[in-house]
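Trainee: Here's my sequence, what's the structure:
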Amino acid sequence: MRKHRLASVLVFLAFQFLLLAAKAQDINTDKVTLGLKDESLENAIKKIEQQSAFRFFYREADVETITHLNLNADTRTITQTLGILLQNTALCFRQMDNHILLEHKEALTSCQVKGTVTTAIDKIPIENASVFLSNATIGARTSSDGTFLLQNVKPGKYELIVSDVGYDTYTQLIVADSREVDVPAIAISPKTIMLTEVKVDSRADPDREKNYTLFKKEFLGSSALAAECKILNPELLDLDYNYSSDILTASSEDFLGIENNALGYKIKYLLTNFIKNVGNGKLNDVQFGGPALFQEMRGTPAQEKRWEKRRAEAYDGSTMHFLRCLLNNSYEAEGFKVLRIAHLPNPNRPPDTLINREIKYYQNLKHKARVYKDSLAYWQSKRLLPLTIDKLEPDPLKQEDLVHITNQKGLFALAGDKCSLYILYSKSHHYPSKIRTDDLDEASNDNRTIVNFDAPYVLFDKNGCLMDPSCLSFEGAWGKCRVADLLPVDYDPAWINVQAESRTLPSAKEMMAVPVDQQDLKPELIKLKTYSDSVAAARSSEKPYLQLDKPGYLQGDTIWFKAYVSDAASLMPSNRSGIMYVDIANDSARIVKNYSFPVAGGITWGNIDLDERDFPAGTYTLRAYTNWMLNSGADFFLPDRFI
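Mentor: Prediction:
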């Protein structure tokens, strides 16, 4: 009897063990402990097989090229492990019984990005906010419930920008790697509002035109394309030249309107930073950046055909073209040749310890004999020699020498490896027999570039966009490229059949923030939302926001402005007040002039003439308010600040 019971127990335990074993064979629950340091996918697969009951099936050609994988040692499920290892590859995985099949992902042609924009404080939907992908042609405006939808998005990594009057600009990185990307709810905060200061000068800045000419050359470029590119509203630029350091800086209070008639784009560019070091003499010592939205211009069939041809010419041999080809290992077939410039220790320069010791020794003896002075000069000349010399290696680099797969989703690493890259481009594969590095700045050079690294590597995405361009500097063809040569990141000759009419973009007038007169402006009646808390709504005050046409004025100029009056609690347009008052006070706080402007649906606009008799040169404060605001005290008299 005991034997039967024991046998039953053993059978039951064996059955339970089999059930547990069968249950454990699930890549979503089975765990492995894995750490990789610059290893191949094949090695990673072997380690997973050693720690689990699964066996992998794949094509060797699909796996053998995936190398340089790095993974922090940790215990993860097989699904999590493979998700990290394969996130930047063209492979996906699935479980088939106790096997794991690696196969190519289904080709993804386009995505759509959707989300909602609300206020940060009350989570109230914001209508008509501008939402766009930076440096791309995709944009939309939020609907009445705060939702937005960006369609026909080319797969890749983008900077999502949300911009609305009276709110801080919102920025977020997103990866478009599935057919529908659902962005978590976006909450934007009202701008920190301060008293408006307007500077009125008795005469124009004598150097502004010179500084603007320098800025325009460095910002738009000096290529043939730049001759057909113009800034529509340069008055928004704040230019500053520091004469002690010979550095020109610039920024814009609002979006610059740029019309590129060479490539057929209108560009809305918010210049957040611009630095040009004029003093060091380097041609390419300039940095600038900021979010931008491209809009394709409409023209005659002949114009559009010419624009498309020029876009293709601008794309060929560009950094975007090179990085995209580098990822799919087609850069050599496309006409790129990459060589390494090694930075080797200078054999003619002794160690610093020896140089310093000899200089110190002969400095103490230089007064005793002429020979000591000569020896001192000899060692001082050695100290002036460069630490390294450059050696151009003749063998072209392969993909594995240049690109490393990272564990950051959608990002790859262009490796510097303590060297520079010499990149040649020839669509016909005709390269010079003797390669020179001393003629890169010649005007005729449009196909040779030296890439210098300020970091061990720089990250880029599959669209060919550098995450931090400041980590690189270019000498030669790429160093001459500026905004006039700039293409949107979603431009791709192989993906050019996107239907432009399906995109929801702002109109051309909305894109270009240019000064307009009263005939161009139409008051929009905006329906005010109804709130459940009627008492709080009745007691809430109003806040105005003034948008001026430029940061500084001359005597005799006219201030053109547009103003928005919003409910202080909800930040929605207010319809309580029909008149907005504007006081202008001098630097002694004495009110010089007072104006009144009609308000419709929370919007008004107007102009103020700066007559020389009333406005001598100086700094003035603009204070905008409504009668309703007088109930709430001085804290609500706070328009935005423009300097």
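
Trainee: Please count neighbours and contacts with C-alpha atoms only from this point.
Mentor: Fine.

Trainee: what bits of the protein have low per-residue confidence?
Mentor: By pLDDT under 70, the low-scoring segments of the chain are 1-24, 106-108, 192-204, 280-284, 366-371, 494-540, 569-571, 632-643.

Trainee: Dihedrals phi and psi, the residue lying closest to residue 562 once chain neighbours are set aside?
Mentor: Closest residue in space to residue 562, ignoring its immediate chain neighbours: residue 605 at 4.2 Å, by C-alpha to C-alpha, 6 or more residues apart in numbering. Dihedral pair for residue 605: phi -160, psi 170, per degrees, to the nearest 10.

Trainee: how much space between residue 605 and residue 545?
Mentor: 11 Å (C-alpha to C-alpha, to the nearest Å).

Trainee: Could you name every residue contacting both of these two?
Mentor: Residues within reach of residue 605 and of residue 545 at once, by C-alpha atoms under 8 Å, 6 or more residues apart in numbering, are residue 563.

Trainee: before we move on, the earlier item: in this structure the residue nearest to residue 562 contacts residue 582, no?
Mentor: No - the criterion here is C-alpha atoms under 8 Å, and residue 605 misses it with residue 582 at 11.4 Å.

Trainee: the strands in the stretch 451-600 of the chain, which residues?
Mentor: For the stretch 451-600 of the chain, the strands defined by DSSP state E, counting those that start in this stretch cover 457-461, 472-476, 542-548, 552-554, 558-567, 579-585, 591-598.

Trainee: mind giving me CSV with those strands and columns for mean neighbour count and distance to residue 488?
Mentor: Output for those, formatted as CSV (neighbours: other C-alpha atoms under 10 Å; distance: least, C-alpha to C-alpha, whole Å):
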stretch, mean neighbour count, distance to residue 488
strand 457-461, 21, 14
strand 472-476, 20, 20
strand 542-548, 25, 28
strand 552-554, 20, 32
strand 558-567, 20, 30
strand 579-585, 18, 41
strand 591-598, 14, 41
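
Trainee: out of those, which comes closest to residue 622?
Mentor: Set against residue 622 and scored by C-alpha to C-alpha, these come closest in strand 579-585, at 4.8 Å.

Trainee: so what's residue 163 up against?
Mentor: 129-131, 169-170.

Trainee: Make a PyMOL selection of the buried ones in those residues.
Mentor: This is the PyMOL syntax for the buried subset of these, where burial follows 16 or more other C-alpha atoms under 10 Å:
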select buried, resi 129+130+131+170
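
Trainee: So which of the contacts of residue 163 belong to strands?
Mentor: Using DSSP state E, the members of the contacts of residue 163 that fall in strands are 130-131, 170.

Trainee: what comes up buried for stretch 258-265?
Mentor: Buried residues in stretch 258-265, counted by 16+ other C-alpha under 10 Å: 258-265.

Trainee: hmm, I was thinking of stretch 279-296
Mentor: 284-288, 291-296.

Trainee: which residues in this structure form helices?
Mentor: 2-24, 41-51, 60-63, 78-86, 208-220, 301-315, 319-327, 352-365, 370-383, 399-402, 508-511, 534-539 (DSSP state H).

Trainee: so what does the second one touch, helix or strand wise?
Mentor: Applying 3 or more C-alpha pairs under 8 Å, 6 or more residues apart in numbering; DSSP states H and E, one finds that helix 41-51 makes contact with strand 31-39, strand 55-57.

Trainee: What helices and strands are in contact with the last one?
Mentor: If I follow you right, that is strand 55-57. Partner elements for strand 55-57 (3+ C-alpha pairs under 8 Å, 6+ apart): helix 41-51, strand 99-104.
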